[in-house]
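Novice: sharing a model prediction with you, sequence too.
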Amino acid sequence: MQSELGSKPSDLYLLVGPVASINLLELEDILSKALLEPIAHDYGVHVIAVPLFAPTSPEQAKSWSGSYWPTVYKKSNPFGPHPSIVSRAEKEVIRDLDTWMGMAAQAAWGSKSMGYGEAIGAVIVERGPQTSHAVALAGDGRWKGYERDGTGNPMAHAVLRAIGMVARKLKTVEEKKYSERGDYSQVCYEWEQDIFLDGPITPEEQAIYKSGEVPSSRYLCHGLEIYITHEPCVACSMALLHSRFARVVFGQRVPRTGGLCSEVSTIGQEGRQYSSLGHGLFWRKELNWSFLVWQTEIKDADLDIDSVVHA
């Protein structure tokens, strides 16, 4: 439709709806009654093709914008990440997969041998353009200070401990900034007495904690990767979501308590079928974050699923 606004001509486009909802004659009749003279009949009705679903990649959005109308790609795609994104990420993860899973397994056995927890370990990695480095390493610590007659300390699971170490590093950086300006008095904590055990308690953990730097410009674990010997429990899985991880890789499934797998039943290594929770927290669009997840094989066969009570 063309109309006059002052002395400037302009085009007014009105989107009505799908052609299946109204035919052309009915539409023209409605428009002729709605428009005022003298432009009542100065209009044209056009039919164009519109994509039925949202674009699944930036490239597709650009293509559709050129072919149809302006289209914007949003990462919260209901169909999940584009296959090209998954493929590209998988190639990066595979390059040093053995290194990080091996480090997680080492942390698992370190914690187990010292009697602190089950043989479960996790390592958090920052991936750079050329190289990657570990920023936190943690073994399970559920039995440290607890009797083995229950579930132990759920706040000391390997995943939560590793995330806590990243948080502690970021907090230390911020405290140092405030302290240098005289705005804040730095506070020291006793790691061994902390229920969260968010400090290193084994030599392996201590080495990574001292060497792995974390940029303070990000929100907690935004953009980081985590490698875990076992599927994390529901609480740890939600912690992964809230911490804004980009990628998660785990080894053994833990069907009875694991929160990442979406299947409702799983066949264990020994051929027995387990009834899984089927939560699949990594892909649920109703949650406020999502991340890529892979399950991989662990070369250490002793880190089996039956040795875990609650991963």
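Specialist: That came in fine, so what should we check first?

Novice: I'd say residue 235 and residue 156 touch.
Specialist: No - using C-beta atoms under 8 Å, residue 235 makes no contact with residue 156, being 11.5 Å away. No exception for glycine: its C-beta is placed from N, CA and C like everyone else's.

Novice: give me the low-pLDDT residue ranges for the stretch 151-300 of the chain?
Specialist: Within the stretch 151-300 of the chain, the segments meeting pLDDT under 70 span 180-193, 266-274, 288, 298-300.

Novice: ranges for the helices of it?
Specialist: Applying DSSP state H, counting those that start in this stretch to the stretch 151-300 of the chain gives helices spanning 158-181, 203-211, 234-242.

Novice: to residue 150, which of the ones you listed lies closest?
Specialist: Nearest to residue 150, of all the helices of the stretch 151-300 of the chain, is helix 234-242, at 15.5 Å by C-beta to C-beta.

Novice: mind listing the strands for the stretch 101-250 of the chain?
Specialist: In the stretch 101-250 of the chain, the segments counted as strands under DSSP state E, counting those that start in this stretch are 121-127, 132-139, 225-230, 247-252.

Novice: give me the neighbour count for residue 99.
Specialist: 14 (other C-beta atoms under 10 Å).

Novice: how close does it sit to residue 163?
Specialist: 20 Å (C-beta to C-beta, to the nearest Å).

Novice: got it, and residue 149?
Specialist: Residue 149 is 27 Å from residue 163, by C-beta to C-beta.

Novice: tell me, how many residues neighbour residue 179?
Specialist: Residue 179: 12 neighbours (other C-beta under 10 Å).

Novice: tell me how far it lies from residue 172.
Specialist: 10 Å.

Novice: before we move on, what about residue 139?
Specialist: 21 Å.

Novice: and the protein, what are its domains?
Specialist: 2-67, 83-307 (automatic domain parsing).

Novice: burial-wise, tell me which of these comes out on top.
Specialist: Comparing those on average neighbours per residue, with mean count of other C-beta atoms under 10 Å, the densest one is domain 83-307 at a mean of 18.

Novice: check the offset of that one from the chain's centre.
Specialist: How far domain 83-307 lies from its chain's middle: 13 Å, per C-alpha atoms, centre = their mean, to the nearest Å.

Novice: hang on, residue 259 packs against residue 283?
Specialist: No - using C-beta under 8 Å, residue 259 makes no contact with residue 283, being 11.9 Å away.

Novice: quick check: neighbours shared by those two?
Specialist: Overlap of the contact sets of residue 259 and residue 283 (by C-beta atoms under 8 Å, 6 or more residues apart in numbering) is empty.

Novice: re earlier: what residues are shared contacts of residue 235 and residue 156?
Specialist: In contact with both residue 235 and residue 156: no residue, using C-beta under 8 Å, 6+ apart.

Novice: was I right to think residue 136 contacts residue 207?
Specialist: No - if you go by C-beta under 8 Å, residue 136 and residue 207 don't touch, sitting 11.4 Å apart.

Novice: who touches both of those two?
Specialist: Residues touching both residue 136 and residue 207 (C-beta under 8 Å, 6+ apart): none.

Novice: put the alpha carbons of stretch 102-120 into CSV.
Specialist: Provided in CSV are the C-alpha atoms of stretch 102-120 (Å, rounded to 0.1, in the frame of the first residue of the first chain):
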residue,chain,number,x,y,z
GLY,A,102,43.5,-39.5,32.0
MET,A,103,44.0,-36.6,34.3
ALA,A,104,40.5,-37.0,35.7
ALA,A,105,41.1,-40.7,36.3
GLN,A,106,44.3,-39.9,38.1
ALA,A,107,42.4,-37.5,40.4
ALA,A,108,39.8,-40.2,41.0
TRP,A,109,42.4,-42.7,42.1
GLY,A,110,44.3,-40.1,44.2
SER,A,111,41.1,-39.4,46.2
LYS,A,112,40.2,-43.0,46.4
SER,A,113,43.7,-44.1,47.7
MET,A,114,43.6,-41.4,50.4
GLY,A,115,40.2,-42.5,51.6
TYR,A,116,38.5,-39.2,50.7
GLY,A,117,35.9,-40.5,48.3
GLU,A,118,34.9,-42.9,45.5
ALA,A,119,37.1,-43.3,42.4
ILE,A,120,35.6,-40.4,40.6
